[in-house]
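Trainee: Give me a 3D structure for the following:
(chains A and B)
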Amino acid sequence: GEDVEQSLFLSVREGDSSVINCTYTDSSSTYLYWYKQEPGAGLQLLTYIFSNMDMKQDQRLTVLLNKKDKHLSLRIADTQTGDSAIYFCAESRLTGGGNKLTFGTGTQLKVEL
Amino acid sequence: DAGVTQSPTHLIKTRGQHVTLRCSPISGHKSVSWYQQVLGQGPQFIFQYYEKEERGRGNFPDRFSARQFPNYSSELNVNALLLGDSALYLCASSSDRGHGYTFGSGTRLTVV
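Mentor: Reported below is the predicted structural model:
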């Protein structure tokens, strides 16, 4: 199928860790991405992982990839109120002579004081 | 360096009209892609252009068309607008066809 799936909502307290999960479908995807979208704004690339990697860490962000289960997760350490946004995972897929991103439905992260 | 710029930022059109949305990629980026994001959903792929040629097309009707100019900027055209075309239209550029997409802030289209 075409669907990339994410849970719709996540609520955490400031200072806690957030874990956002995603399942994708195309085992041939070369890159998997996490984007952040704040209200009324475009998409901000947070991080990405190459499909032959299991883990990638970038400051407060940790990406875990389980290629066997087609499962991707984003962990945000020490979550802050500024992290409140919608987070999208996306997989890259070949399309003709190019490439397209297939996005999940997005997870709305709410950070409470 | 300027990021991906899109114009206009907001637009209101009437059903049946046509619309042209514009995108300027990051300097040096030769690939431009267009996505439609309906409220409450993730972006959906419409087109990709690389070196002025169409390299991919999503599941959108022929009312949607696009082109890329010699300076790598791009236009998305939508004819015979429907209420369901109301969405945020996002443009993304990359230096090649497969990786490193940077998105613009989008054009919010409202069809009434």
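Trainee: going forward, measure contacts between C-alpha atoms and count neighbours the same way
Mentor: OK.
Trainee: Can you name the residue of chain B nearest chain A?
Mentor: residue B:105 (4.0 Å; Cα to the nearest Cα).
Trainee: Go through stretch A:60-73 and flag the buried ones.
Mentor: Going by neighbour count (16 or more other Cα atoms under 10 Å in any protein chain shown), the buried part of stretch A:60-73 is A:61-65, A:67, A:71-73.
Trainee: what do you get for stretch A:76-86?
Mentor: Residues of stretch A:76-86 classed as buried by neighbour count (16+ other Cα under 10 Å): A:76, A:79-80, A:83-86.
Trainee: follow-up on the earlier one: got a markdown table for the buried residues of stretch A:60-73, with secondary structure and pLDDT too?
Mentor: Below are those laid out as a markdown table (DSSP: H, G, I helix; E, B strand; the rest coil; pLDDT from 0 to 100):
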| residue | secondary structure | pLDDT |
| --- | --- | --- |
| A:61 | strand | 97 |
| A:62 | strand | 97 |
| A:63 | strand | 97 |
| A:64 | strand | 97 |
| A:65 | strand | 95 |
| A:67 | coil | 91 |
| A:71 | strand | 94 |
| A:72 | strand | 95 |
| A:73 | strand | 97 |
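Trainee: Could you check how far stretch B:67-84 is from the centre of its chain?
Mentor: Centre-to-centre, stretch B:67-84 and its host chain are 6 Å apart (Cα atoms, centre = their mean, to the nearest Å).
Trainee: For that stretch, output the C-alpha coordinates as PDB.
Mentor: This file holds the C-alpha atoms of stretch B:67-84, laid out as PDB (Å, rounded to 0.1, in the frame of the first residue of the first chain):
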ATOM      1  CA  ARG B  67       6.700  23.800 -15.900                       C
ATOM      2  CA  GLN B  68      10.300  24.700 -15.000                       C
ATOM      3  CA  PHE B  69      12.100  27.600 -16.600                       C
ATOM      4  CA  PRO B  70      15.800  27.900 -17.700                       C
ATOM      5  CA  ASN B  71      16.600  29.600 -14.400                       C
ATOM      6  CA  TYR B  72      15.100  26.600 -12.600                       C
ATOM      7  CA  SER B  73      12.100  28.500 -11.200                       C
ATOM      8  CA  SER B  74       8.800  26.800 -11.600                       C
ATOM      9  CA  GLU B  75       5.100  27.500 -12.000                       C
ATOM     10  CA  LEU B  76       2.200  25.300 -11.000                       C
ATOM     11  CA  ASN B  77      -1.000  25.900 -12.900                       C
ATOM     12  CA  VAL B  78      -4.500  24.600 -11.900                       C
ATOM     13  CA  ASN B  79      -7.400  25.000 -14.200                       C
ATOM     14  CA  ALA B  80     -11.200  24.800 -13.500                       C
ATOM     15  CA  LEU B  81     -10.700  25.200  -9.800                       C
ATOM     16  CA  LEU B  82     -12.800  23.100  -7.500                       C
ATOM     17  CA  LEU B  83     -13.600  23.700  -3.800                       C
ATOM     18  CA  GLY B  84     -11.500  20.600  -3.000                       C
END
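Trainee: is it anywhere near chain A?
Mentor: No. Judged by Cα under 8 Å from any Cα of the partner chain, stretch B:67-84 stays clear of chain A, getting no closer than 14.6 Å.
Trainee: Up against chain B, what does chain A have?
Mentor: A:31, A:41-45, A:88, A:92, A:95-106.
Trainee: Those, buried ones only, as a PyMOL selection?
Mentor: The following PyMOL line selects those of the residues of chain A next to chain B that are buried, judged by 16+ other Cα under 10 Å:
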select buried, chain A and resi 31+42+43+44+45+88+92+98+99+100+101+102+103+104+105+106
